[in-house]
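Chemist: Model the structure of this input:
(2 chains)
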Amino acid sequence: DAKTTQPTSMDCAEGRAANLPCNHSTISGNEYVYWYRQIHSQGPQYIIHGLKNNETNEMASLIITEDRKSSTLILPHATLRDTAVYYCIVRSNFGNEKLTFGTGTRLTIIP
Amino acid sequence: DSGVTQTPKHLITATGQRVTLRCSPRSGDLSVYWYQQSLDQGLQFLIQYYNGEERAKGNILERFSAQQFPDLHSELNLSSLELGDSALYFCASSVVGRNTDTQYFGPGTRLTVL
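Modeler: Numbers count the residues shown, from 1 in each chain, chains lettered A, B, ... in the order given. The predicted structure is shown next:
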């Protein structure tokens, strides 16, 4: 699975959009981009995933660049409950189905 | 609530002991994954079962073993416990176990070895 690079930490004001970047410059054509978050020590929570098209669901939007070397997770109106560690994971569509977690981005929402 | 349940929530035991962690997957999910999260190692994949059979192994110690039962619940057995085994243990489940299946995580079991 391709390696990902994320900023260690970010702050965002409550009510504003939180934009979390992820670099995955070695991604290959059959690899998906997944985002999970972990609030305090709870179980990781699935947010969204995509292959090459932008995706949106009730939680967030995922913007993947045309060359697929990077992506951005957007939380449109951040709330205090969005404070968490956000993990960007690149996952192949064949082989071992495990998730490989990096160190993620610690997002703090400021009141 | 992901639909994945894990028991117990907390477990405190002594070195050398043996414990069993239990996981019930979401209804309809056939695949179960176990992950360990320690302070120094982050979230690491341990093992995966699919419909009762072991499918993949990760960084799982020989002192650890797992199984998935006919009702699809899974147990992770940790023996000869050491201080370094103190960690959060998460179970996740997915429908089939294909790479495109989303894994949903349970709330975890916090194991403390004294």
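
Chemist: near chain A, which residues of chain B show up?
Modeler: Proximity of chain B to chain A (CB under 8 Å from any CB of the partner chain) is limited to residues B:2, B:4, B:31, B:33, B:35, B:42-45, B:48, B:55-56, B:58, B:88, B:90, B:92, B:94, B:97-108, B:110. Every residue, glycine included, has its C-beta placed from N, CA and C.

Chemist: Buried by neighbour count, from those: which ones?
Modeler: B:2, B:4, B:31, B:33, B:35, B:42-45, B:48, B:55-56, B:58, B:88, B:90, B:92, B:94, B:97, B:99, B:103-108, B:110 (16 or more other CB atoms under 10 Å in any protein chain shown).

Chemist: got the phi/psi numbers for the spatially most central residue of chain B?
Modeler: By CA atoms, centre = their mean, chain B has its centre lying nearest to residue B:34, at 3.2 Å. Per-residue torsions, residue B:34: phi -120, psi 140 (degrees, to the nearest 10).

Chemist: beta partners of it?
Modeler: Per DSSP bridges, the residues bridged to residue B:34 are residue B:47, residue B:91.

Chemist: Hmm, it is touching residue B:65, no?
Modeler: No - counting by CB atoms under 8 Å, residue B:65 is not a contact partner of residue B:34; they are 10.5 Å apart.

Chemist: name the element residue B:101 belongs to?
Modeler: Applying DSSP states H and E as the criterion places residue B:101 outside every helix and strand.

Chemist: residue ranges with poor pLDDT in chain B?
Modeler: Along chain B, segments meeting pLDDT under 70 span B:97-99.

Chemist: can you give me the strands for it?
Modeler: Ranges of strands in chain B, per DSSP state E, are B:5-7, B:10-13, B:19-24, B:31-38, B:42-50, B:53-57, B:64-68, B:74-78, B:87-94, B:104-105, B:109-113.

Chemist: I'd like these as TSV, with distance to residue A:84 appended.
Modeler: Shown next, in TSV, are these (distance: least, CB to CB, whole Å):
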stretch	distance to residue A:84
strand B:5-7	19
strand B:10-13	21
strand B:19-24	22
strand B:31-38	14
strand B:42-50	13
strand B:53-57	27
strand B:64-68	28
strand B:74-78	25
strand B:87-94	15
strand B:104-105	13
strand B:109-113	18
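
Chemist: Quick one: neighbours of residue B:114, just the number.
Modeler: 10 (other CB atoms under 10 Å in any protein chain shown).

Chemist: Can you get me a residue count around the closest residue to it other than its chain neighbours?
Modeler: Distances taken as CB to CB, 6 or more residues apart in numbering or on different chains place residue B:14 nearest to residue B:114, at 5.6 Å, with adjacent residues excluded. The local packing of residue B:14 (other CB under 10 Å) involves 10 other residues.

Chemist: and residue B:14, what does it touch?
Modeler: The neighbours of residue B:14, taking CB atoms under 8 Å, 6 or more residues apart in numbering or on different chains as the test, are B:81, B:113, B:114.

Chemist: Kindly report the same for residue B:70.
Modeler: residue B:52.

Chemist: Surely residue B:28 and residue B:96 touch.
Modeler: No - under the criterion of CB under 8 Å, residue B:28 is not in contact with residue B:96, lying 9.9 Å apart.
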